[in-house]
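Trainee: Next input, structure requested:
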Amino acid sequence: MKRTGARSIKTAPFFVVARVEAILNDPILVVDGLTKRFGAHEAVSALSFEVPRGTIMGFLGPNGAGKSTTLKSIVGIHRPDAGQVTLFGGGLTRAALNRVGYLPEERGLYRKMRAVPSIAFFARLKGIPAGEARRRAARLLDENGLGDWKQRKIASLSKGMAQKVQILCAIAHEPDLVILDEPFSGLDPVNQADLERLIHGLVARGASVVFSTHVMQHAERLCRSIVLIARGRKVFDGTVEAALSQLGGEAVVEVEPGFDLAAALGARGVEASVGDREGVYRVRTEGREGIQRALAACVSAAAPLIRFEPVRPSLHDAFVQLVGDRATPVMRPAEAAE
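Mentor: Next comes the predicted model:
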């Protein structure tokens with residue numbers, strides 16, 4: 001009996017560690033086959049993706065793509081017509097939703113309330129005691145440059161300030177998953193940078209963040225992974241680097257005047273077009289790795305190079321290529337609010 005007990009003590013930590021690792025490796029959010037219709041219009045169609053723990057995921061798409069409908073379905077505002085949403089390994093229970101912070105696209109605060117009570121009110125809705133809710137509200141305002149406006153009514157704040165207050169309302173209960181619908185809309189560049197720092201801070205403390213946007217620069221700076229949708233359907237799901245790899249390679253090449261680089265590279269199977277001044281060319285290849293072949297072709301052709309400058313691809317370019325003519329939403333006027 002003693003031997004059995006000793007064996008249990010030795011092996012129990014292994015199972016505990018394995019269970020903890022399994023939990024940590026599980027996605028915090030799973031969307032599986034989500035479909036949502038409004039009348040005859042299918043706003044979201046068989047959409048599936050996962051959000052890992054402790055990450056920032058960009059939920060991207062053109063206007064009217066179905067981003068807001070999807071996010072509202074995730075937090076229980078819309079009931080899907082098909083498919084399911086799994087939060088923290090389970091269903092959309094009150095306990096699970098209390099661990100989620102949500103910033104809706106439609107902004108709305110009680111304009112006659114002051115900043116601290118506004119944030120504390122939303123924290124209390126998530127189960128935070130009154131005193132702690134007010135302390136958190138005051139601290140968040142101090143940390144985010146709004147300390148001097150703690151007791152100002154929302155109506156007296158600028159649009160950008162009010163939006164920052166609403167973002168703080170969404171995170172005051174320290175959620176494990178933060179869902180932000182177009183959080184950068186209406187913020188000036190300084191406040192956009194502040195919000196990027198805030199998002200990084202949320203992940204640093206262990207939260208996961210999903211934010212929607214159609215401005216690719218924010219996603220490119222913040223995200224490791226993205227989901228791109230158009231007309232309610234997923235067109236890409238993967239890392240930012242994988243999205244950029246969809247693009248061909250491009251470089252600006254300058255040679256000494258009088259050398260026909262287009263002809264020299266064309267004979268070697270590389271496309272080059274004349275640029276905006278003599279001796280400058282735009283070189284394009286089918287893959288980003290093709291730029292190395294283009295440089296080798298220049299050397300092989302004995303091109304008198306002055307400059308060979310690869311053009312860094314952008315997520316904006318990948319967005320345009322991946323979405324293509326699917327950017328225009330198909331909907332009736334009454335449904336255009338999405």
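Trainee: what stretches of the stretch 1-150 of the chain score poorly on pLDDT?
Mentor: Applying pLDDT under 70 to the stretch 1-150 of the chain picks out residues 1-25.
Trainee: Which residue ranges of it form helices?
Mentor: 2-25, 67-74, 94-97, 115-125, 130-143 (DSSP state H, counting those that start in this stretch).
Trainee: elements contacting the last one?
Mentor: Right, helix 130-143. In terms of contacts (3 or more C-beta pairs under 8 Å, 6 or more residues apart in numbering; DSSP states H and E), helix 130-143 is packed against helix 115-125, helix 159-171. Backbone N, C-alpha and C define where each C-beta goes, glycine included.
Trainee: Can you say which of these is nearest to residue 80?
Mentor: helix 159-171 (22.5 Å; C-beta to C-beta).
Trainee: If you count neighbours, what's buried in the closest one?
Mentor: Of all the residues in helix 159-171, those buried under the rule 16 or more other C-beta atoms under 10 Å are 161, 162, 163, 164, 165, 166, 167, 168, 169, 170, 171.
Trainee: right, and the helix or strand after it?
Mentor: Next helix or strand after helix 159-171 toward the C-terminus (DSSP states H and E): strand 177-181.
Trainee: what's the angle between that following strand and helix 159-171?
Mentor: Computed by axes from the mean of the first three to the mean of the last three C-alpha atoms, to 10 degrees, the angle separating strand 177-181 from helix 159-171 equals 150 degrees.
Trainee: what about strand 177-181, average pLDDT?
Mentor: Averaging pLDDT along strand 177-181 gives 97.
Trainee: elements contacting whichever helix or strand comes after that strand?
Mentor: Downstream of strand 177-181, the next assigned helix or strand under DSSP H and E is helix 189-204. Secondary-structure packing of helix 189-204 (3+ C-beta pairs under 8 Å, 6+ apart): strand 56-60, helix 159-171, strand 177-181, strand 208-213, helix 216-222.
Trainee: Identify the residues contacting the second one?
Mentor: Looking back up the chat, that one is helix 159-171. 101-103, 107-109, 115, 118-119, 121-123, 137, 140-141, 144-146, 149, 154, 157, 178, 180, 183, 185-188, 191, 194-195, 198, 202 (C-beta atoms under 8 Å, 6 or more residues apart in numbering).
Trainee: any idea of the mean pLDDT for it?
Mentor: Regarding helix 159-171, the rounded mean pLDDT is 93.
Trainee: Distance from it to the middle of the chain?
Mentor: Chain-centre distance of helix 159-171: 19 Å, with C-alpha atoms, centre = their mean, to the nearest Å.
Trainee: Which SSE is immediately downstream of whichever strand or helix holds residue 263?
Mentor: Using DSSP H and E, residue 263 sits within helix 261-266. Using DSSP H and E, the helix or strand that follows helix 261-266 towards the C-terminus is strand 271-274.
Trainee: Tell me the buried residues in that following strand?
Mentor: Using 16+ other C-beta under 10 Å as the test for burial, strand 271-274 gives 271, 272.
Trainee: Check stretch 145-157 too.
Mentor: Within stretch 145-157, the residues scored as buried using 16+ other C-beta under 10 Å are 146, 149, 153, 154, 157.
Trainee: Stretch 73-88 too?
Mentor: Judged by neighbour count using 16+ other C-beta under 10 Å, the buried positions of stretch 73-88 are 73, 74, 75, 76, 78, 80, 83, 85, 86, 87, 88.
Trainee: Next, work out how far apart residue 125 and residue 118 are.
Mentor: Taking C-beta to C-beta, to the nearest Å as the measure, residue 125 falls 12 Å from residue 118.
Trainee: out of those two, which sits in the more crowded spot?
Mentor: When residue 125 is set against residue 118 and neighbours are counted by other C-beta atoms under 10 Å, the residue ahead is residue 118, at 23 against 13.
Trainee: quick one, what contacts that one?
Mentor: By C-beta under 8 Å, 6+ apart, the contact list for residue 118 reads 109, 110, 137, 154, 165, 169.
Trainee: and what of residue 304?
Mentor: Residues in contact with residue 304 (C-beta under 8 Å, 6+ apart) are 255, 256, 259.
Trainee: Fine by me, thanks again.
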